[in-house]
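Asks: Sequence isn't available, so here's the structure alone:
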């Protein structure tokens, strides 16, 4: 058992609210690389899986656990690619952490092709409460265009198995604005997802990340961007999922009551989380950092008793306030400006009031008392709004103004 220690543990013992603590475990194994994916991943071998699990245990012992975990999230890669026995071993490591035996929410990402009843039973018996299934599309040609390794039939079968095992919450990941995708095909994907009655739906607009197969196709002119079509698909998504009873709580996320992803919400609200595994990011104990994206080097360093982090950044009031606004405005609840000011009084707030006023004047946001929310047109421009917020906190021009 790893014991809590540090200042925050003492504060919690006194009954003071120190906020939720999340755990993110990056499982880097994938059977193949999808054409759109830029996340760090490697092909699994018996040796690399064994090294990974042992190294997660080593890294966890290096962390100053200052309060119990509230949420756990396994991403990747494909966590569900691990064998049932390996899933159980990794889960035992989590359960040995403070609060790990019964977190509020425990999510595991899975790909349809790797979903088996045995894997699901191992996860459910370990205490996993939420499965996020990466469907992306139900259309065979679109799946092929993304380089996905599953079929529509595998996705449907995987979803059925997840429901049979009895996880309390299930999310489906879908993607739109795919090369060659029509509005009718996107409508059909939404309808098919809704017909399965998941508890949560995440809908992501395809992005072209550097060093991916899709980026190469874009640079060669084999596919093209169509921002106007993307905007129409965004609006169509919000309309159709809303009509089906899914409440939008973030630009890309929709949930039935009680099923919003607590781990992600806490992250967007600038709570703390610990990242374990190669390339995993952390925001904890006054620092934001990412582990190196190399399984062997990460394993070697944590084996020597070193945190394998890079890009270490101090969590200043200015940085946290800036990100609380950038990510908070992506959520439909918006941001209570007074609460953020009280939480981060040392941030340079000059310019933020003027920006909020301009967003409201341009019909991109509403301001009711001290709470600011993006309106539908503002949510379509959420990335640009985020860039404007960054500019307000750091006056030297870094980005163009909103259109």
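Replies: Nice, thanks for sending it over. What you see is a predicted model; the values in this text were computed from it and never measured.

Asks: alpha carbons only for contacts and neighbour counts from here, please
Replies: Noted.

Asks: Pull the number of nearby residues for the nearest residue to residue 84 once chain neighbours are set aside.
Replies: Distance criterion CA to CA, 6 or more residues apart in numbering; nearest residue to residue 84, sequence neighbours excluded, is residue 119 at 4.7 Å. Counted with other CA atoms under 10 Å, the neighbours of residue 119 add up to 19.

Asks: Now do the same contact list for residue 119.
Replies: Residues near residue 119 by CA atoms under 8 Å, 6 or more residues apart in numbering: 80, 83-84, 87.

Asks: Distance of it relative to residue 241?
Replies: When distances are taken as CA to CA, to the nearest Å, residue 119 and residue 241 turn out to be 30 Å apart.

Asks: got it, and residue 144?
Replies: Applying CA to CA to residue 144 and residue 241 gives a distance of 25 Å.

Asks: Could you do residue 191 as well?
Replies: If you go by CA to CA, the gap between residue 191 and residue 241 works out to 9 Å.

Asks: Could you do residue 137 as well?
Replies: For residue 137, the distance to residue 241 equals 16 Å [CA to CA].

Asks: more crowded one of the two?
Replies: Comparing residue 137 with residue 241 by neighbour count (other CA under 10 Å), the higher total belongs to residue 137, at 28 against 19.

Asks: I'd say that one and residue 175 touch.
Replies: Yes - A contact is recorded between residue 137 and residue 175 when judged using CA atoms under 8 Å, the distance being 6.6 Å.

Asks: low pLDDT regions in the stretch 251-400 of the chain?
Replies: Where the stretch 251-400 of the chain drops to pLDDT under 70, the residues are 395-400.

Asks: Can you show me the strands along it?
Replies: Here the stretch 251-400 of the chain has its strands, by DSSP state E, counting those that start in this stretch, at 253-255, 272-276, 281-284, 287-291, 309-314, 335-336, 365-368, 371-374.

Asks: Out of those, which is closest to residue 105?
Replies: With CA to CA, the closest approach to residue 105 among the strands of the stretch 251-400 of the chain belongs to strand 272-276: 13.6 Å.

Asks: ok, residue 92 - how many residues close by?
Replies: Residue neighbour count, defined by other CA under 10 Å, stands at 15 for residue 92.

Asks: which residue packs closest to it, ignoring adjacent ones?
Replies: Distance criterion CA to CA, 6+ apart; nearest residue to residue 92, sequence neighbours excluded, is residue 126 at 7.5 Å.

Asks: Might one say that that neighbour is in contact with residue 88?
Replies: Yes - using CA under 8 Å, residue 126 and residue 88 qualify as a contacting pair, with a distance of 6.7 Å.

Asks: what about the spatially closest residue to residue 244 that is not a sequence neighbour, distance to residue 329?
Replies: Take residue 244 and drop its neighbours on the chain: the residue closest to it by CA to CA, 6+ apart is residue 194, 7.1 Å away. Counting by CA to CA, the gap from residue 194 to residue 329 is 26 Å.

Asks: Comparing the two, which residue is more hemmed in?
Replies: When residue 194 and residue 329 are compared on other CA under 10 Å, the one with more neighbours turns out to be residue 329, at 27 against 19.

Asks: Please list all residues in contact with the more buried one.
Replies: The contact partners of residue 329, taken as CA under 8 Å, 6+ apart, are 335, 372-374, 382.

Asks: quick check, nearest of these to residue 237?
Replies: Checking the contacts of residue 329 against residue 237 by CA to CA gives residue 382 as the nearest, at 15.9 Å.

Asks: Next, residue 260: phi, psi?
Replies: Recorded main-chain torsions at residue 260 are phi -60, psi 150, according to degrees, to the nearest 10.

Asks: Residue 289 reaches residue 307, doesn't it?
Replies: No - the pair formed by residue 289 and residue 307 falls short of the contact definition of CA under 8 Å, at 10.2 Å.

Asks: coming back round to it: and the helix or strand where the residue nearest to residue 244 lies, what does it pack against?
Replies: Assigned by DSSP states H and E, residue 194 belongs to helix 183-195. Contacts defined by 3 or more CA pairs under 8 Å, 6 or more residues apart in numbering; DSSP states H and E place helix 183-195 against strand 169-176, helix 227-243.

Asks: quick one, domains of this structure?
Replies: Domain segmentation of the chain under automatic domain parsing yields 7-267, 317-393.

Asks: With respect to the ones you listed, which exhibits the lowest mean confidence?
Replies: Out of these, domain 7-267 stands lowest, with a mean of 87 (criterion: mean pLDDT).

Asks: Dig out what residue 106 forms beta bridges with.
Replies: For residue 106, the beta-bridge assignment (DSSP bridges) gives partners residue 72.

Asks: my read: it touches residue 132, true?
Replies: No - using CA under 8 Å, residue 106 is not in contact with residue 132, being 10.5 Å away.

Asks: between those two, which one's more packed in?
Replies: Between residue 106 and residue 132, residue 106 has the larger neighbour count (other CA under 10 Å), namely 26 against 23.

Asks: quick one: the more buried one and residue 275, what's the gap?
Replies: Distance from residue 106 to residue 275, counting by CA to CA: 14 Å.

Asks: now swap in residue 51 and tell me
Replies: For residue 51, the distance to residue 275 under the criterion CA to CA works out to 17 Å.

Asks: who's more crowded, these two?
Replies: Neighbour count, other CA under 10 Å: between residue 51 and residue 275, residue 275 has more, with 25 against 16.

Asks: so how many other residues sit close to the residue nearest to residue 301 when sequence neighbours are not counted?
Replies: In space, residue 301 comes closest to residue 308 once its chain neighbours are excluded; the distance is 5.8 Å by CA to CA, 6+ apart. Residue 308 is surrounded by 25 other residues when neighbours are defined as other CA under 10 Å.

Asks: could you pull out the helices for the stretch 1-150 of the chain?
Replies: Assigned by DSSP state H, counting those that start in this stretch, the helices in the stretch 1-150 of the chain fall at 7-13, 46-61, 84-95, 117-126, 140-146.

Asks: can you redo the strands of the stretch 251-400 of the chain as a markdown table with distance to residue 157?
Replies: Below are the strands of the stretch 251-400 of the chain laid out as a markdown table (distance: least, CA to CA, whole Å):
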| stretch | distance to residue 157 |
| --- | --- |
| strand 253-255 | 22 |
| strand 272-276 | 31 |
| strand 281-284 | 33 |
| strand 287-291 | 35 |
| strand 309-314 | 39 |
| strand 335-336 | 40 |
| strand 365-368 | 42 |
| strand 371-374 | 38 |
